[in-house]
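**Student:** Predicted model, plus sequence, below.
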Amino acid sequence: RAMRITLVLAATLWLFDGVAGDMVQFNGSVIDGCCPTAGKNSPDGKVVYAGKTDTEDECKAICVAQSNCTSYTWTNAHADGNSSFFLMCYLRNDDSFDLRVELGHFSGQKCPPPPSGSQYGPDWCTLSKHPNPQWFADAKFGIYAHWGPYSVPAYGNEWYSRNMYVNGSADRAYHVQKYGKDFGYKDFIPMFTAPLFNATEWASIYRRAGARYAGPVAEHADGFAMFKSDISHYNAAEMGPKRDITSELDVAIRGAGLRLVTTMHHEWLWAWYPTWNKETDCGNPKYELTDSQGGLYGPPVASTNCFSGSTCPTTPRFNEYFVGKVKEVIDQYHPDVLYFDSKQNILTEDARLDYLSHYYNAANEWMKNGSSAGVVCTYKGTDLAEGAGVLDFERGGIDYIRTEKWQTDDALGRSSWSWVNPPNLKNETEVIGELVDIVSKGGNLLLDIPPHADGSIDPVVQNTLFAIGDWLRVNGEAIFATAPWTTGDFGEGPTRIVPGSFHEWPIFTSKDFRFTSNANAFFVTAMAWSDDDTFVVLSLNSSSEFGKRISSVSLLGGADTVKFSVEADGLHLGPVTRPAAVKHAFVFRLHLDGSAVGFVAWDLPHEESPTIIPGGVCHLRWMSGGTSDERLAIEMWTGTTWDVIDDAVPNTRAYMWHVPHDLPVGEPTLRIRAVDELSVQHVTSFPRRR
């Protein structure tokens, strides 16, 4: 069910020399356009009065005189003796308004109208309203592959195409010794023939591994597209394999019942190659990107200093080239997930708005004809506006439950995303531990695998993937279509990741647990087996609401009944026999006493993604069936209580919360749950800001 919330911002009028000022103070910042002067229309179209009064009665009289003035607050806090009243500036429950809050500012302006027949315009206002589909939240696990001409040398990592030109690098020394100094990256393309590539076999491996979405790197930073392109002849359909790799995988992956992800990295082509060095083939105009041709080596740039994009802004032609290739992928293959690598910020904002609005509008048409259940666009850092896509962490993640959907993309290879000799690969225990940890915090894992240049997937890689799939076949109900648990944390134990990107996941212990839930049960995953066959979950002690109500415990893939006791120091499990068929991580399924809540519906009109605004006022109302009022509770991360303002109707209650200006760091700000529910549909979290 959509859970919605109505937000109200309380704004204080600034007075200068006894005259109404032209700015409104809110949480230390200025709210542009929000009721700044007398008679100014507020964002919901209602006229509010802004001015000073000498007495509260006068303030009330002015407010009452305004036929559509709904509330006021009067204060006499000014040192100069002038008085004023607080203005209530409303976020209108209307998708045509810009409800984004950025840098403490709320514009209160309407979104620009999208083009005729479209829902999304080339603006962050409408794009930030794009909903993420439920299938993606349920999918949890995806697989993709770094594979291209850079797989031929199988040395260093997927940056070989760039590093082979860097004097003094190990890649350059290797390249000159093996291929010669005049052998350019273009010369690997005829060697990349992929004789053993079989898209159906790849899709079968992905499915057996338990992935729910999969696909190719459609184009890496090397300028060689793995799809048919009319923009550049340097593509797999015309050169190298002379096959449309993305098309073949599209058909095979969807045929295997999975959804398609295509990943795009070609923003990195800007200054990837030394086009300024005329002693290399990269400096040959024949291979450059120009107004008349799409070149392998990108546009000519002045020096390697342009690689950052800050000293040499990308040209209009490069932005056009980038967007054009993205649209080719969108229009030809209709990807369910469109993944972008970092460094999108070197592109113009117009370029990013162009391809993203094109994608979301196209997806609307796909949904209308039944060919899509919704799409996802991922981004890194601040490359897109918050809410316009799904935030992705490369080789890393977070250490808290994030309200908004997020994803980690990581590689099976420790130091390379493509196949290199000799390989240095993670094992299945490491990947499963990472997956469980990510899912407990509300994220997905997109795992990269490294195929050989010939198109085969190495038996070592296959065996790792199959082991992950074997584990998921037993324990998948604790992963797929789950949500973080409602205990206020994702788990417990001594081992936590280092938040952020480019960190390896730690090795977990038997004292580490991660929590998830679905519509039927709660799950506690022990991240390793204990030496004495017993476990203690500290947070599920006899003082906890959940601990007191545990009625039975089972072990997935093992004992149907696990001996347990709830003590003051936690939930004691076992001794229990270790299941022979299960390795890596071990899932205990918990059942709780108490009738399930029939339903919990939030009366929050028209607001699909509610937010909590520091310093604002927030109302919500719930109604339930199949349970009594006292069986529902509000659990918050702020330690602040809600005031009950209406409980006259049975099984219905209305609350009001004056949100503090200073909220704790981390998300979500607020969590609401039904304490005895067995369904994740009865749990929601509200982010601090859109």
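**Tutor:** Received the coordinates, thanks.
**Student:** Compute the first-to-last residue distance for stretch 396-406.
**Tutor:** End-to-end distance for stretch 396-406, by CA to CA, to the nearest Å: 11 Å.
**Student:** just stretch 341-352 next, same as before
**Tutor:** 13 Å.
**Student:** Quick check: buried residues in it?
**Tutor:** Neighbour counts over stretch 341-352 (16 or more other CB atoms under 10 Å) mark 341-348, 351-352 as buried. C-betas here are computed from N, CA, C, even on glycine.
**Student:** ok, so of those, who is nearest residue 501?
**Tutor:** Ranked by distance to residue 501 (CB to CB), those are led by residue 342 at 8.6 Å.
**Student:** I'd say the closest one and residue 382 touch.
**Tutor:** No - applying CB atoms under 8 Å as the test, residue 342 and residue 382 come out as separate, 10.1 Å apart.
**Student:** which residues touch residue 462?
**Tutor:** If you count contacts by CB atoms under 8 Å, 6 or more residues apart in numbering, residue 462 has them with residue 205.
**Student:** Can you check my assumption that it lies in a helix?
**Tutor:** Yes - under DSSP: H, G, I helix; E, B strand; the rest coil, residue 462 sits within a helix.
**Student:** State the distance from it to residue 273.
**Tutor:** 34 Å (CB to CB, to the nearest Å).
**Student:** Let me know the average pLDDT across the helix or strand containing residue 202.
**Tutor:** Using DSSP states H and E, residue 202 sits within helix 199-208. For helix 199-208, mean pLDDT rounds to 97.
**Student:** shaky segments in this protein?
**Tutor:** 1-110, 486-488, 519, 594-690 (pLDDT under 70).
**Student:** Break down it into its helices, ranges please.
**Tutor:** For the chain, helices defined by DSSP state H occupy the ranges 56-65, 124-127, 134-139, 160-163, 170-179, 199-208, 245-255, 316-333, 349-368, 428-440, 459-475.
**Student:** would you turn these into TSV with distance to residue 236?
**Tutor:** Shown next, in TSV, are the helices of the chain (distance: least, CB to CB, whole Å):
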stretch	distance to residue 236
helix 56-65	68
helix 124-127	31
helix 134-139	27
helix 160-163	15
helix 170-179	21
helix 199-208	12
helix 245-255	5
helix 316-333	13
helix 349-368	21
helix 428-440	28
helix 459-475	21
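**Student:** Relative to residue 559, which of the ones you listed is closest?
**Tutor:** helix 459-475 (13.2 Å).
**Student:** tilt between the closest one and helix 428-440?
**Tutor:** Angle, helix 459-475 to helix 428-440, by axes from the mean of the first three to the mean of the last three CA atoms, to 10 degrees: 50 degrees.
**Student:** just the buried residues of stretch 341-352 now: which is nearest residue 209?
**Tutor:** Nearest member of those to residue 209, counting by CB to CB, is residue 341, at 22.9 Å.
**Student:** the strands in the stretch 201-350 of the chain, which residues?
**Tutor:** 213-219, 259-264, 337-340 (DSSP state E, counting those that start in this stretch).
**Student:** For the shortest one, which strands pair with it and how are they oriented?
**Tutor:** Strands adjacent to strand 337-340 in the sheet, as given by DSSP bridges, are strand 259-264 (parallel), strand 376-379 (parallel).
**Student:** quick one: which of the ones you listed is nearest residue 451?
**Tutor:** Using CB to CB, these put strand 259-264 closest to residue 451, at 14.3 Å.
**Student:** Return the set of buried residues in the closest one.
**Tutor:** 259-264.
**Student:** Which two of those residues have the greatest separation?
**Tutor:** 259 and 264 (16.8 Å).
**Student:** Could you measure from residue 345 over to residue 270?
**Tutor:** 11 Å.
**Student:** what touches both of the two?
**Tutor:** With CB under 8 Å, 6+ apart as the test, residue 345 and residue 270 both reach residue 309.
**Student:** Residue 480: neighbour count?
**Tutor:** 17 (other CB atoms under 10 Å).
**Student:** didn't it look like it was pressed against residue 136?
**Tutor:** No - applying CB under 8 Å as the test, residue 480 and residue 136 come out as separate, 11.8 Å apart.
**Student:** Of all the strands of the stretch 201-350 of the chain, which one comes closest to residue 424?
**Tutor:** strand 213-219 (19.8 Å).
**Student:** now the closest one and helix 245-255, what's the angle there?
**Tutor:** 170 degrees.
**Student:** Could you export strand 213-219 as CSV, CA atoms only?
**Tutor:** C-alpha atoms of strand 213-219 as CSV (Å, rounded to 0.1, in the frame of the first residue of the first chain):
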residue,chain,number,x,y,z
TYR,A,213,18.4,-9.4,-13.0
ALA,A,214,21.4,-9.7,-15.3
GLY,A,215,23.1,-8.2,-18.3
PRO,A,216,26.2,-6.9,-20.1
VAL,A,217,28.5,-3.9,-19.7
ALA,A,218,26.9,-2.3,-22.8
GLU,A,219,29.9,0.0,-23.1
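**Student:** Summarise which helices and strands it is packed against.
**Tutor:** With contacts taken as 3 or more CB pairs under 8 Å, 6 or more residues apart in numbering; DSSP states H and E, strand 213-219 sits against strand 141-145, helix 199-208, helix 245-255, strand 259-264.
**Student:** Hey, what's the angle from the second one to strand 213-219? Just curious.
**Tutor:** Going back to what we said before, that points to helix 199-208. Using the same axes, to 10 degrees, helix 199-208 lies at 130 degrees relative to strand 213-219.
**Student:** same thing with the last one?
**Tutor:** Angle, strand 259-264 to strand 213-219, by the same axes, to 10 degrees: 20 degrees.
**Student:** Neighbours of residue 265, how many?
**Tutor:** With other CB under 10 Å as criterion, residue 265 counts 21.
**Student:** Ok, residue 166 next?
**Tutor:** For residue 166, the tally of surrounding residues (other CB under 10 Å) stands at 14.
**Student:** For it, give its distance to residue 274.
**Tutor:** 8 Å.
**Student:** before we move on, the earlier item: so what secondary structure elements neighbour the helix holding residue 202?
**Tutor:** strand 213-219, helix 245-255, helix 459-475.
**Student:** Would you reformat these as CSV and include distance to residue 148?
**Tutor:** Compiled in CSV, the helices and strands packed on helix 199-208 are given as follows (distance: least, CB to CB, whole Å):
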stretch, distance to residue 148
strand 213-219, 7
helix 245-255, 9
helix 459-475, 17
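**Student:** tell me the most buried of those?
**Tutor:** When the helices and strands packed on helix 199-208 are scored by mean count of other CB atoms under 10 Å, the highest mean neighbour count falls to strand 213-219 (a mean of 28).
**Student:** That one vs helix 316-333, what angle?
**Tutor:** Relative orientation of strand 213-219 versus helix 316-333 (the same axes, to 10 degrees): 150 degrees.
**Student:** If you compare the directions of strand 213-219 and strand 141-145, what angle comes out?
**Tutor:** If you take the same axes, to 10 degrees, strand 213-219 sits at 30 degrees to strand 141-145.
**Student:** quick one: which of the strands of the stretch 201-350 of the chain is nearest residue 583?
**Tutor:** strand 213-219 (23.7 Å).
**Student:** Any chance you could list what contacts that closest one?
**Tutor:** 136, 139, 142-148, 202-203, 206, 225-227, 245-246, 249-250, 253, 258-266, 325, 329, 335-337, 446.
**Student:** for stretch 361-375, same thing?
**Tutor:** So stretch 361-375 is contacted by 114, 118-120, 131-136, 330-331, 334-338, 359-360 (CB under 8 Å, 6+ apart).
**Student:** what about residue 284, how many neighbours?
**Tutor:** Per other CB under 10 Å, the neighbour tally for residue 284 reads 14.
**Student:** Which residues are in contact with it?
**Tutor:** residue 278.
**Student:** Tell me the spacing between it and residue 278.
**Tutor:** Noted for residue 284: a distance of 8 Å to residue 278, by CB to CB.
**Student:** Could you do residue 588 as well?
**Tutor:** According to CB to CB, residue 588 and residue 278 sit 66 Å apart.
**Student:** of those two, who's got more company?
**Tutor:** A side-by-side neighbour count of residue 588 and residue 278, using other CB under 10 Å, places residue 588 first with 26 against 11.
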